[in-house]
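**Student:** Next one to model:
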Amino acid sequence: MGQLQLNKVQKFYGDYEVLKGVELDVRDGEFVVFVGPSGCGKSTLLRMIAGLDATSKGDIIINGVRVNDLPPVKRGIAMVFQSYALYPHMTVFENIAFPLRVERMEEEKLKAKVENAARILHLETRLQQKPGMLSGGQRQRVAIGRAIVREPKIFLFDEPLSNLDAALRADMRIELAKLHRQLKATMIYVTHDQVEAMTMADRIVVLDAGNISQTGAPLELYHKPANQFVAGFIGNPKMNFLPVTCMSASEAGATVDYRGQTATLPVKPRDGMVGKMMTLGIRPEHIQLGSGEISLTVTPSVIERLGANTVAYAALGSETENFCAMLPGSVGIRADAPVAVGINAADCHLFDAEGIAFERRVELTDIDMNLLAPATA
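**Tutor:** Predicted coordinates for the structure are as follows:
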């Protein structure tokens with residue numbers, strides 16, 4: 001059992017407030033990912049849960065017990081670091097066994113635990129080798145094995161894949177997802193990579209400057225971002241933002257103007273929105289060749305041909321420096337040649353002057369609605 005509660009957790013370094021009253025409940029068996037840009041406080045929060053950094057204010061509760069004053073070894077957690085933190089002079093077996101030897105576990109039981117962890121991680125044939133003989137992915141699995149043998153209540157991962165190349169990162173994402181399903185353990189994972197967050201998490205916690213900006217299932221954050229920050233952070237390539245003016249509002253939605261073109265976005269209206277400047281958001285994958293309810297002619301400055309897709313970047317005057325469209329891979333567009341693209345209102349998001357999203361009234365299928373809920377709910 002691995003339940004975690006964060007109650008108004010704050011962290012100060014001198015007068016600088018790194019974390020600003022974070023509140024979060026993590027359910028038993030849930031895979032939660034902390035994601036956000038560098039400096040947002042995600043690694044600091046993980047270290048506070050682990051007991052490596054002290055809490056300035058607030059409470060950290062694991063399985064109903066306040067652990068603020070407990071040392072890391074008493075918290076029932078195991079942490080996997082970015083740097084692996086393996087002992088180069090020890091074999092894989094001894095690296096995995098190290099925390100058990102510290103506990104003075106009897107040899108027969110220790111051996112059984114190490115061999116079980118090695119079997120789970122496909123390291124059976126590597127137990128007598130030393131870390132220098134292993135690939136980056138194998139070294140990371142050894143670090144995870146050292147956590148598994150402790151049978152912790154909660155696993156903590158601090159950007160564990162950032163030292164791996166792209167192919168190994170993709171492989172390890174799959175391995176970690178399989179491991180979570182096999183162990184049914186509570187896992188909290190920190191990354192700045194929103195692709196890792198989207199592919200592995202039951203629930204994502206988006207941090208921004210020490211605050212939780214939004215929590216939810218990956219597709220909930222994709223389809224229903226609470227604000228412009230989350231909308232721009234979740235999704236790859238990131239969402240485009242265009243300045244618009246609200247011309248009218250009704251039960252049908254909000255009619256906005258962009259460079260003399262109007263479109264009615266299916267959002268829930270608010271009082272006082274007419275005449276206000278707002279921001280329209282459109283994801284690159286929702287832009288189409290040809291016309292739309294809002295039509296644009298753009299001249300791509302950079303084109304990335306990725307096989308299945310072609311990504312084009314263009315400037316829209318002084319409004320958007322890198323307006324991005326993700327188009328089919330077979331399109332015959334060229335850099336510095338104008339191309340017509342279109343935007344449909346049903347695909348758009350709308351944000352007020354403070355960046356708060358308007359509630360969208362787009363109908364999703366039953367399958368989509370199921371995917372919006374966390375997997376362990």
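**Student:** ok, which stretches of the stretch 101-250 of the chain are helices?
**Tutor:** In the stretch 101-250 of the chain, the helices defined using DSSP state H, counting those that start in this stretch lie at 107-120, 136-148, 166-183, 194-200, 218-223, 228-233.
**Student:** okay if I get the ones you listed as CSV plus mean pLDDT and distance to Leu52?
**Tutor:** Every residue, glycine included, has its C-beta placed from N, CA and C. Below are these laid out as CSV (pLDDT from 0 to 100; distance: least, Cβ to Cβ, whole Å):
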stretch, mean pLDDT, distance to Leu52
helix 107-120, 94, 23
helix 136-148, 91, 15
helix 166-183, 89, 21
helix 194-200, 89, 22
helix 218-223, 94, 28
helix 228-233, 96, 26
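**Student:** now for these, which one comes closest to Met239?
**Tutor:** helix 228-233 (5.0 Å; Cβ to Cβ).
**Student:** hang on, Phe157 packs against Glu196?
**Tutor:** No. In this structure, Phe157 is not within contact of Glu196 by Cβ atoms under 8 Å, at 10.0 Å.
**Student:** Please identify which of these two sits among more neighbours.
**Tutor:** The neighbour comparison of Phe157 against Glu196 (other Cβ atoms under 10 Å) goes to Phe157, with 27 against 24.
**Student:** what is the nearest residue to Gly2 once chain neighbours are set aside paired to in the beta sheet?
**Tutor:** Nearest non-adjacent residue to Gly2, counting by Cβ to Cβ, 6 or more residues apart in numbering: Thr186, 3.2 Å away. Beta-bridge partners of Thr186, counted by DSSP bridges, are Ile154.
**Student:** And Ala254, by the same measure?
**Tutor:** Beta bridges link Ala254 to Ala249, Leu265, judged by DSSP bridges.
**Student:** list the contacts for it?
**Tutor:** Shown in contact with Ala254 (Cβ atoms under 8 Å, 6 or more residues apart in numbering): 246, 248, 264-265, 267, 269, 273, 350, 358.
**Student:** From Gln214, how far out is Gly342?
**Tutor:** For Gly342, the distance to Gln214 equals 29 Å [Cβ to Cβ, to the nearest Å].
**Student:** repeat for Tyr189
**Tutor:** Taking Cβ to Cβ, one finds Tyr189 at 17 Å from Gln214.
**Student:** ok, those two, which is more surrounded?
**Tutor:** Tyr189 (26 against 21).
**Student:** where's that one relative to Ala201, distance?
**Tutor:** Distance from Tyr189 to Ala201, by Cβ to Cβ: 7 Å.
**Student:** Now the common contact residues for the two.
**Tutor:** Between them, Tyr189 and Ala201 share the contacting residues 31-33, judged by Cβ under 8 Å, 6+ apart.
**Student:** Show me the common contact partners of Phe157 and Glu196, please.
**Tutor:** Joint contacts of Phe157 and Glu196 (Cβ under 8 Å, 6+ apart) are Tyr189.
**Student:** What is the burial count for the nearest residue to Ser83 once chain neighbours are set aside?
**Tutor:** Once flanking residues are discounted, Ser83 sits nearest to Asn163: 7.3 Å by Cβ to Cβ, 6+ apart. By other Cβ under 10 Å, the residues close to Asn163 number 14.
**Student:** residues in contact with Asn163?
**Tutor:** Counted by Cβ under 8 Å, 6+ apart, Asn163 has contacts 82-84, 136.
**Student:** What's the ChimeraX syntax to select whichever of those residues are buried?
**Tutor:** Buried residues among those (16 or more other Cβ atoms under 10 Å), as a ChimeraX selection:
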select :82,84
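**Student:** Can you tell me which of the contacts of Asn163 is nearest Gly260?
**Tutor:** Closest to Gly260 out of these is Gln82 (50.5 Å), distances taken as Cβ to Cβ.
**Student:** wouldn't that closest one be in contact with Ser162 here?
**Tutor:** Yes. Applying Cβ under 8 Å as the test, Gln82 and Ser162 come out as touching, 5.6 Å apart.
**Student:** Let's see stretch 9-27 as CSV, backbone CA atoms only.
**Tutor:** The C-alpha coordinates for stretch 9-27 follow below in CSV (Å, rounded to 0.1, in the frame of the first residue of the first chain):
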residue,chain,number,x,y,z
VAL,A,9,3.7,21.9,1.2
GLN,A,10,6.0,24.9,0.9
LYS,A,11,9.7,25.2,0.4
PHE,A,12,11.8,28.3,0.9
TYR,A,13,15.5,28.9,0.1
GLY,A,14,16.1,32.1,2.1
ASP,A,15,13.3,34.5,1.0
TYR,A,16,12.8,32.6,-2.3
GLU,A,17,9.7,30.4,-2.3
VAL,A,18,10.3,27.4,-4.6
LEU,A,19,7.0,25.6,-3.8
LYS,A,20,3.9,27.5,-3.0
GLY,A,21,1.4,25.4,-0.9
VAL,A,22,1.3,22.3,-3.0
GLU,A,23,-1.7,20.0,-2.3
LEU,A,24,-2.0,16.6,-3.9
ASP,A,25,-3.4,13.1,-3.2
VAL,A,26,-1.7,10.1,-4.8
ARG,A,27,-3.7,6.8,-4.8
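**Student:** Can you report the mean pLDDT over the residues of it?
**Tutor:** Averaged over stretch 9-27, pLDDT sits at 95.
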